[in-house]
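# kindly return the folded structure for what I paste below:
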Amino acid sequence: MSLFGNLFHKAPATSALLINIGANSVGGAYVQESGGPPVLLYAKRVPIEARAGEAPETSISRALPLLVASLLNEGAPALQRATGSGAAEGILVCLDAPWQTTSMRVERIEEARPFVFTERLVNEKLASASQVPLGQVLVDESLVGTVLNGYETSEPYGKHAQQAIIVILVSSVATKIAEAIALALRQAYHTRQISLIAGASLRYQAMRAAFPLERNFLILDATGPEIAIALVRHGLLVAIREAPDGGAGDAKWSAEVRGALAALAASYPLPQVIFLLAQEGEMERLSAVLDAANLGTLWLSDNPPKVVALTAQHLAGMVSVKNDLPPDLLLSLMALYLKSLSPMPVASRPV
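The predicted structure is shown next:
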């Protein structure tokens, strides 16, 4: 289970350092939670400037220390003023494509007699070998859905069942990149309380917490150069489709979105709500591209899907921001994810 499994269930207040490593930038924030909405006390984002011919871990190793310097010199004093301590209790790192790869596993358990669904049973399934490519390391196995006797539940432990289905997101990252991240953070913070989780897993869980009444929706994640579309049915993540080269022009981007949606539609009915996640500067343009894409034909209906262009402002009632910080949707979703943690949904791994 994650080192952060009970991080925000202590009293009277806890704090954490959030690190988001995206395709083009690294972001960081200090967050505090004391019973109400989590509070972002300080946030910063630094571009990843890749140079021709260099290894990916080199560009990350150059950007991350710049971010860490700001977090220590500017963020830690803000944390000190708010909590009385300039040291966070743990560090959560969210890795996005292309730095990590994610796949889904579905495990089925069926017995002739009713059995008790326990955390030990889940850990046994998580411990079963997950295949990762050569040169990569397993960093995240997130339990993102549980179905007992045909009914999805977010609180399965201790319940009796004859049939259980658990959905697990498995993510791996190149070993050299994982080592570069761990080295940079441990040198600065002198802690081993560092956990990694995949962006697809974190954002699904955060979105489910943010919109509990939405049981069927699509998450169109365009925060990086690759497109990822997650399908949620009856509150359960059932499929993910990815498409490369998302930044190769509006026509190409639109075609790839349609292709990914068509692949999902071949196996599942598509819900009417699409949450669009994108960088603040790209949201308006991508929303217009979706409006012009005539997506309704994929639904075999005259009613086009409702596209909700999600911004940090949508989470304003759930995540508080101090000191007029610039909006950062991805860091806000990370804060919301930590707030919503329960013993069930996460099994991110320490590094």
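# any idea how many residues pack against Lys306?
The local packing of Lys306 (other Cβ atoms under 10 Å) involves 11 other residues. (Glycine included, C-beta is placed from N, CA and C.)
# hmm, I typed the wrong one, I wanted Asp324.
Asp324 has 5 nearby residues by other Cβ under 10 Å.
# same question, Gly35
Neighbours of Gly35 using other Cβ under 10 Å come to 8.
# what of the one 5 residues further on?
Other residues within reach of Leu40, judged by other Cβ under 10 Å, total 24.
# now Arg81: which helix or strand?
Using DSSP states H and E, Arg81 maps to helix 76-83.
# and the helix or strand that that helix is followed by, what does it pack onto?
Beyond helix 76-83 on the C-terminal side, the first helix or strand identified by DSSP H and E is strand 91-95. Counting contacts by 3 or more Cβ pairs under 8 Å, 6 or more residues apart in numbering; DSSP states H and E, strand 91-95 packs against strand 14-21, helix 175-189, strand 194-198, helix 199-210, helix 329-339.
# now do stretch 263-279: distance to the chain's middle.
Stretch 263-279 sits 17 Å away from the centroid of its parent chain (Cα atoms, centre = their mean, to the nearest Å).
# now do the buried residues in stretch 116-133.
By neighbour count with 16 or more other Cβ atoms under 10 Å, stretch 116-133 contains the buried residues 117, 121-122, 125-126, 132.
# repeat for stretch 285-298
Quick answer for stretch 285-298 (16+ other Cβ under 10 Å): 286, 289-290, 293, 295, 298.
# tell me how far the closest residue to Val144 other than its chain neighbours lies from Ala82.
Once flanking residues are discounted, Val144 sits nearest to Leu237: 4.9 Å by Cβ to Cβ, 6 or more residues apart in numbering. Taking Cβ to Cβ, to the nearest Å as the measure, Leu237 falls 34 Å from Ala82.
# which of these two has more neighbours?
Taking neighbours as other Cβ under 10 Å, Leu237 and Ala82 compare with Leu237 leading, 22 against 18.
# just checking, the more buried one is part of a helix?
No: counting by DSSP: H, G, I helix; E, B strand; the rest coil, Leu237 is not part of a helix but strand.
# in this structure, which spans are helices?
Using DSSP state H, the helices of the chain run over 56-70, 76-83, 119-127, 175-189, 199-210, 250-265, 283-291, 329-339.
# ok, of those helices, where does mean pLDDT dip lowest?
Among the helices of the chain, helix 119-127 carries the lowest mean pLDDT, a mean of 81.
# just the C-alpha atoms of that one, please, in CSV.
Only the C-alpha atoms of helix 119-127 are listed here, as CSV (Å, rounded to 0.1, in the frame of the first residue of the first chain):
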residue,chain,number,x,y,z
GLU,A,119,-6.9,-6.3,2.2
ARG,A,120,-4.7,-9.4,2.4
LEU,A,121,-6.5,-10.9,-0.5
VAL,A,122,-5.9,-7.7,-2.6
ASN,A,123,-2.2,-7.6,-1.6
GLU,A,124,-1.9,-11.2,-2.8
LYS,A,125,-3.2,-10.2,-6.2
LEU,A,126,-1.0,-7.2,-6.3
ALA,A,127,2.0,-9.3,-5.4
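# tilt between the helix holding Arg81 and strand 14-21?
Helix 76-83 runs at 150 degrees relative to strand 14-21, counting by axes from the mean of the first three to the mean of the last three Cα atoms, to 10 degrees.
# which secondary structure elements does helix 76-83 contact?
Applying 3+ Cβ pairs under 8 Å, 6+ apart, one finds that helix 76-83 makes contact with strand 14-21, strand 25-33, strand 39-47.
# closest one to Leu213 among these?
Nearest to Leu213 among the helices and strands packed on helix 76-83 is strand 25-33 (23.2 Å), distances taken as Cβ to Cβ.
# that older thread, nearest to Leu220, out of the helices and strands packed on helix 76-83?
Closest approach to Leu220 among these is made by strand 14-21 (18.4 Å; Cβ to Cβ).
# note down every partner strand of the closest one and its orientation.
strand 25-33 (antiparallel), strand 91-95 (parallel) (DSSP bridges).
# check these for me and report the most buried one.
Greatest average neighbour count among these goes to strand 91-95 (a mean of 26), per mean count of other Cβ atoms under 10 Å.
# average pLDDT for that one?
The model assigns strand 91-95 a mean pLDDT of 91.
# wait, which of the buried residues of stretch 285-298 is closest to Gln162?
Checking the buried residues of stretch 285-298 against Gln162 with Cβ to Cβ, the nearest one is Leu298 at 37.2 Å.
# all good on my end, thank you.
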